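>>> pasting the sequence and the predicted coordinates here, then a few questions.
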Amino acid sequence: MSDLTSAGAAVGGAPVAGDGPTTDAPGGKERSASLWADARRQLLRDPVFVIALLYILAVGSMAAFPKLWTSQDPRACSTDRSRVSPSWEHPFGFDVLGCDYYAHAIYGARPSMVIAVMATSGIVLFGGVLGLLAGYYGGWVDAVISRVMDIFFSLPFLLGAIVFLTVIKRQNIWTITAVLFLLAWPTIARIIRGSVISSKDLDYVHAAKAVGARNSRLMFRHILPNAIAPMLVYATIVLGSFVAAEATLTFLGVGLQQPAQSWGIMISTHQVYFLDDPWLLLFPCGLLVGTVLSFILMGDALRDALDPKFR
Amino acid sequence: MGRYVIRRLLQFIPTVLGTMFLLHYMTSLAIQFSGNPVRALFGDRTPDPALLAAITERLGYADPCLDQRGNPCFGLFLDRLQNIFFHFDFGINLRQREVTELVADAIPFTLKLLVIAIVFEAVVGIAAGVLAGLRGGSFTDYMVKISTVFVISVPIFVLGLVVREFVGVKFGNVLRGQDWIPDLISVGVFTPGFKPDYPFASLIIPGMVLGAVSLATTARLTRTSIMENIRADYVRTAKAKGLTNKRVIGVHTLRNSLIPVITFLGVDIGAAMAGAVVTETIFNVPGIGRLVTMSARTGESSVVVGVVTMLVLVVLVANLLVDLLYAVLDPRIRYE
Amino acid sequence: MSTDVNVKMEALAGVDPDALPLQVKDLHVEFRTRNGIARAVNGVSFDLRAGETRAILGESGCGKSVTAQAIMGILDTPPGFITGGEILYRGVDLLKLPESERRKVRANRIAMIFQDALSALNPVFTVGFQLAELFRKHRGMSRQDAKARAVELLDLVKIPAAKQRVNDYPHQFSGGMRQRVMIAMALALDPEVLIADEPTTALDVTVQAQIMALLAELQRERNMGLVLITHDMGVVADVADQISVMYAGRVIEEAGVNDIYASPAHPYTKGLLESIPRLDLKGHELSAIKGLPPMLTNIPPGCAFNPRCRYAQEVCRQDPAPPLYQVSPSRTAACHFWKEVKGDE
């Protein structure tokens, strides 16, 4: 999970504050709009981004509307079809219990995506607010929040998650989301704090202060917009990390449990059949890796598009 | 230097206490919300109340504060700190064995695994990063870029499984069919799991899998760092001093570029310990990581909490040492 | 010291001790970038005599630093390429030497001082190490002897308590002291030519004066040729003997320091002089050269200065660019109308 923090550092290190695209001055709005419009144009021209986006949209629709993708019931199983190879009607074949593997894979997208989206929204909101407060007020507020973040950083993510999930015994979507949220919020808070501190001293913020803007206005109108781009980049990458984390925890036996359906369960149940029927392992692994890879590639492309330094 | 060390040591104490408390509070909350963890050991059976009470008492879960949701259980925390720091007691398992004893049995395997992993990622990662950084846009550069993204997006357990099956089993079977290949290679190195007969050879592939995760980050970090430094003014000065190209790169560029890489490797020891949980489970290495997974699967939470606490302390000490090493390597930090 | 010089003379084949220490002839440098080819230096020539100070004067981006880097042979290639010309050290064309020979010229015969000493000194080595390195690698001295020489050098550039400070790191020195270290490093191997690229730009005015005085003193003692690259007309007036004014990669005027200040013969030089605030003209509006220097990827045809020039006529807008006209036996100017410019007050 070291990529969680290193990715964050890479993003956080390059706040887009430099060009200060958000001012109330005439023209400021236009420039801000053009930053995002430029970014969108550049992204849509980037084939890597477009392919990754289409892949994520496909996986997202599997999670939201599995019936669009399959009419089979993943729970209609019959042991005499156990481990039947892929065919036209059943493109992924059957699993060890004789359930349609393709349907299982489609329905398996939901828990991963739900956990990743919920946990990411959570850390963006909570970590975002704490980072904003720490960066904007500085002083003892910053000292307290930063010390707390340091403590969370010292606890390796996987170890903390294993302890919590072992003790709580109920290993479901909610508890996994909770532990991901609990252990990952400081990374996003650190990024926001960094970009707030760097944009706090920009001249146009001083100017806004000089004309008597209130704290809340300064924060939300002038400072926060600068932090949005790095946050968006990081949130995209973190979605991928969370999908991977859910599968890892499930594989270790502290994540989702049978009879829940998820890619992690598919992988851990069928790892022993690899020699005879490698597709039982390769299909879920492929889906999982594709999803994580797509999120990371999208994040990278977003960073390049949103950071004026790379233009 | 002295002031820096003292300041860093003073920061260390609250961080240790804070992290221990975080771990303690997470555990307490989990118990407060889901009930006595000892019940999990009995599965679906209804335990004998006397036995349940006895085990609960023995594992230290009998404190009434664990019934009050949200109570931070400071008393319990202080007891635990006392046990750890004054008696070196990290708890016991169900059969009354000390967690420290369990860890002592398991630690040689984990240490070997970690050494292999760190050496592998350091040597290969730095070499690839230097090559890529010195020649931006070259084939190596391109390979490093692609493989970084790829390795970061393949979860370590997927990588481990695929390597175990393809390299350990399939490729290993091919080798084992050849008479001329020594057993050390065909049975020892290319094995799907740990073999007590080959305590070192059979850890090579698991170690490489563990190192692969951070290998990509190491290479990328080295690459960026070299690319930044090679354009630095002091490298130009070194050239103007009429030094050989070897010395300009080897002394004036590498020394500066490797500072962040070495500190990353130090911090990565902590991440690798967490990664060892996955790697050891996949390759069946009887180390600390597998101890954690096995205990987690059987619900022996006292062991999980004890071992993880110990690992976290090691990670914290490693981070401290890295910070001190950083000061040794970079004089600008030392004299702040 | 004299034996060192003899050793150096023998080491480089073809050296003519009577030839000038440095001659640059028709130097061309271009940068091949994604946005096209930037012609940074377009035929720069000048001579440097022993003990003489030649100032190369111009705005940032006019090619003066690139010229210095080309002479030292430390141009970043790619993107920079030397596409023509000669750089002669005592009659030997450095551009034709193999890299191993070329390396021996650096620091030994031609040395350089950089603008920002903080970034030009390696932050992770002591200044003693960085000075001693020169003696160890070029003279094969032992660590101890080299360290002793490093202390002598710090003494030479008047750094107090040199014995202790030799073990300090660059960031522990003040700006002026760091620049002194830089000078010590350049003078370590007793070069015949010193190139100083904006040596005082990053310093306070009072410190600037001290550093320039030190440089002048050391130059006099050693009868060393100094190429002073700067945009500061004030610095030039104090120390330079000869001046080459550069614009868009060309030398557009070359003259002795007194001639230039008394009667500039190129409109650009004239503009530069007029934009210096003068106490005797208090109350007058300060004139500035209008417009911006051209992009090096897109230098206008004819005289590169013509879009900003009040003397410009049709002939200035057409190729070829004005040649260097002989204004007097010792000075030249690249302007078709040098007579008007010079006569016009």
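Everything's here; your move.
>>> tell me the spacing between the residue nearest the centre of chain C and C:Glu254.
Nearest to the geometric centre of chain C sits C:Ile229, at 3.5 Å (CA atoms, centre = their mean). As judged by CB to CB, to the nearest Å, C:Ile229 and C:Glu254 stand 15 Å apart. Placement of C-beta: from N, CA and C, glycine included.
>>> for chain B, give me its nearest residue in chain C.
C:Arg106 (3.5 Å; CB to the nearest CB).
>>> gap between the two ends of stretch B:40-60?
16 Å (CA to CA, to the nearest Å).
>>> if you could redo that for stretch C:103-111, that was the one I meant.
When the termini of stretch C:103-111 are compared using CA to CA, they are 11 Å apart.
>>> list the buried residues of it.
Residues of stretch C:103-111 classed as buried: C:Arg103, C:Val105, C:Arg106, C:Ala107, C:Asn108, C:Arg109, C:Ile110, C:Ala111 (neighbour count, 16 or more other CB atoms under 10 Å in any protein chain shown).
>>> how about residue 275: what's its closest non-neighbour residue?
No chain was given, so I picked chain A. B:Val169 (6.2 Å; CB to CB, 6 or more residues apart in numbering or on different chains).
>>> actually chain B
B:Gly275 sits nearest to B:Leu210 (CB to CB, 6+ apart), 5.3 Å away.
>>> ok, A:Gln257 next?
A:Gln171 (5.7 Å).
>>> show me what contacts the one you found?
A:Leu165, A:Val254, A:Gly255, A:Leu256, A:Gln257 (CB atoms under 8 Å, 6 or more residues apart in numbering or on different chains).
>>> buried members of those residues into PyMOL, please.
One line in PyMOL is enough to select the buried members of these, burial here meaning 16+ other CB under 10 Å:
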select buried, chain A and resi 165+254+255+256
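>>> could you list which of the contacts of A:Gln171 belong to helices?
The helices, defined by DSSP state H, take in A:Leu165 from the contacts of A:Gln171.
>>> how near is A:Pro259 to chain C?
57 Å (CB to the nearest CB, to the nearest Å).
>>> OK, contacts around that residue?
A:Arg75.
>>> next, it: secondary structure please.
For A:Pro259, the assignment made with DSSP: H, G, I helix; E, B strand; the rest coil gives coil.
>>> follow-up on the earlier one: pLDDT at the residue nearest to B:Gly275, what is it?
Looking at B:Leu210, its pLDDT stands at 91.
>>> now pLDDT too, for the contacts of A:Gln171, in JSON lines please.
Shown next, in JSON lines, are the contacts of A:Gln171 (pLDDT from 0 to 100):
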{"residue": "A:Leu165", "pLDDT": "87"}
{"residue": "A:Val254", "pLDDT": "86"}
{"residue": "A:Gly255", "pLDDT": "84"}
{"residue": "A:Leu256", "pLDDT": "85"}
{"residue": "A:Gln257", "pLDDT": "83"}
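>>> circling back: surely the residue of chain C closest to chain B touches B:Ala240?
Yes. Contact criterion CB atoms under 8 Å: C:Arg106 and B:Ala240 qualify, at 5.8 Å.
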